[in-house]
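>>> Coordinates for the following, if possible.
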Amino acid sequence: MRCPSCGTDNAPGSRFCGGCGAKLAVSARLAPTQKITDDAGYPQPPAPPILPVTVPGLGSP
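Next up is the predicted model:
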C-alpha cells in the first residue's frame, strides 16, 4: 500500500505509514462485511420507513 502523503510503499494491512507516520486507509478487502442475521440465521427484514408526523397547531403561521 502506497502512502498518499509521502509515496512510501507499506506492507498490506498497515494502518500507518512507515515513512512519515500518516494514517493509511483500510482496504475493504481486509475488512469483509458480514450480513446481519437473527438467531435463526435468517436475514433481518428491512426497517419500516420513517413517516413524517404532523401535529395540529404546529407549523407555518
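
>>> show me where pLDDT drops low in this structure?
26-41, 59-61 (pLDDT under 70).

>>> If we use 90, what do you get?
Applying pLDDT under 90 to the chain picks out residues 1-2, 4, 12-15, 25-61.

>>> Disregarding flanking residues, what is the spatial nearest neighbour of residue 4?
residue 22 (7.4 Å; Cβ to Cβ, 6 or more residues apart in numbering). (Glycine included, C-beta is placed from N, CA and C.)

>>> That should have said residue 9, apologies.
Using Cβ to Cβ, 6+ apart and skipping the chain neighbours, the partner closest in space to residue 9 is residue 2 (5.7 Å).

>>> For residue 13, see how far away that neighbour is.
Residue 2 is 14 Å from residue 13, where distance means Cβ to Cβ, to the nearest Å.

>>> Could you check stretch 14-27 and say which residues are buried?
Residues 17, 24 are the ones in stretch 14-27 that count as buried (16 or more other Cβ atoms under 10 Å).

>>> Contacts made by it with the rest, please.
By Cβ atoms under 8 Å, 6 or more residues apart in numbering, the residues outside stretch 14-27 that reach it are 1, 3, 4, 5, 6, 8, 10, 12, 13.
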